[in-house]
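Enquirer: Here is my input; please provide its structure:
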Amino acid sequence: MFTIEGPVIYALLLIVPVALLLSRRRSIKASAPKPLADETDKEKEQKPAKSIMQPPRDDLVAPKEDPYTVEQLKAFDGSDPSKPIYVAIKGTVFDVSHKTDVYGPGKSYNLFAGKDASKALGMSSLKPEDAISDYSTLSEGDMKTLNDWHTFFTKRYNIVGRVVDLPPPSVPTSNM
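Expert: Below is the predicted model of the structure:
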């Protein structure tokens, strides 16, 4: 069976979106109407660029603090269509049900559903063994990535609770 290792996955996660964005920009530029004669360069620069990423939502409800155990969270992995799909990051539980095309059963990021997979998100890893809550071994760069994912989710998905029985991440020791 063919497997893809971490550096290759990371490279693909970086290269594919950039290639799609560049391709889309070229096709948009080619098909875009010519600007009006009175539109200045300054006005053109002030227009926001379109993003292929899901935009932040303005219809999110107030965050909830409902308690979930690790065992309870497993029931929200998308395998039961009558239940929502939850993803936890750093103990915060997000309802990602409206993105079943991404987090649903058999989909690319279902690995994160029904658990706190903070370490894998920080590492940009799709390996099941990395999909754990303990992110204490992440590098500084991976911690930034994890925090960026938490911020991304906070702006796009409703917070439905907290995982209450996660062990606190251990503090990495340094040999200085």
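Enquirer: just the strands in the chain please.
Expert: Using DSSP state E, the strands assigned to the chain run over residues 66-68, 86-89, 92-95, 158-163.
Enquirer: I'd assumed residue 164 was in contact with residue 67.
Expert: Yes - because the distance of 4.4 Å satisfies C-beta atoms under 8 Å, residue 67 is recorded as touching residue 164. Quick note: C-beta positions are derived from backbone N, CA and C, even for glycine.
Enquirer: Same list, the strands of the chain, but as a markdown table with mean pLDDT and mean neighbour count please.
Expert: As requested, these are arranged in a markdown table below (pLDDT from 0 to 100; neighbours: other C-beta atoms under 10 Å):
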| stretch | mean pLDDT | mean neighbour count |
| --- | --- | --- |
| strand 66-68 | 98 | 15 |
| strand 86-89 | 98 | 27 |
| strand 92-95 | 98 | 22 |
| strand 158-163 | 98 | 19 |
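Enquirer: so which of those strands gets nearest residue 107?
Expert: With C-beta to C-beta as the measure, strand 86-89 is the member of those nearest residue 107 (12.1 Å).
Enquirer: Other residues contacting the closest one?
Expert: Contacts to strand 86-89, defined as C-beta atoms under 8 Å, 6 or more residues apart in numbering, come from residues 68, 73, 76, 93-96, 103, 112-118, 121, 133, 146, 149-150, 153, 157, 160, 163.
Enquirer: let's see it at 6 Å
Expert: Residues lying outside strand 86-89 but in contact with it, judged by C-beta atoms under 6 Å, 6 or more residues apart in numbering, are 76, 93, 94, 95, 96, 112, 113, 116, 118, 150, 153, 163.
Enquirer: Greatest separation within those: which pair is it?
Expert: When the contacts of strand 86-89 are compared pair by pair using C-beta to C-beta, the farthest-apart members prove to be 76 and 150, with a separation of 18.3 Å.
Enquirer: In terms of neighbours, single out the busier of these two.
Expert: residue 76 (23 against 18; other C-beta atoms under 10 Å).
Enquirer: how far away is the more buried one from residue 84?
Expert: 6 Å (C-beta to C-beta, to the nearest Å).
Enquirer: can you check residue 108 too?
Expert: The span separating residue 108 from residue 84 equals 19 Å under the rule C-beta to C-beta.
Enquirer: Of those two, give the one with the bigger neighbour count.
Expert: Set side by side, residue 108 and residue 84 show more neighbours around residue 84, with 15 against 11, by other C-beta under 10 Å.
Enquirer: ok so, going back, dump the strands of the chain into TSV; add distance to residue 55 as well.
Expert: What follows is these, written out as TSV (distance: least, C-beta to C-beta, whole Å):
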stretch	distance to residue 55
strand 66-68	27
strand 86-89	19
strand 92-95	16
strand 158-163	16
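Enquirer: ok, the contacts of strand 86-89 vs residue 128, which is closest?
Expert: Scanning those for proximity to residue 128, where the rule is C-beta to C-beta, the winner is residue 112, at 10.5 Å.
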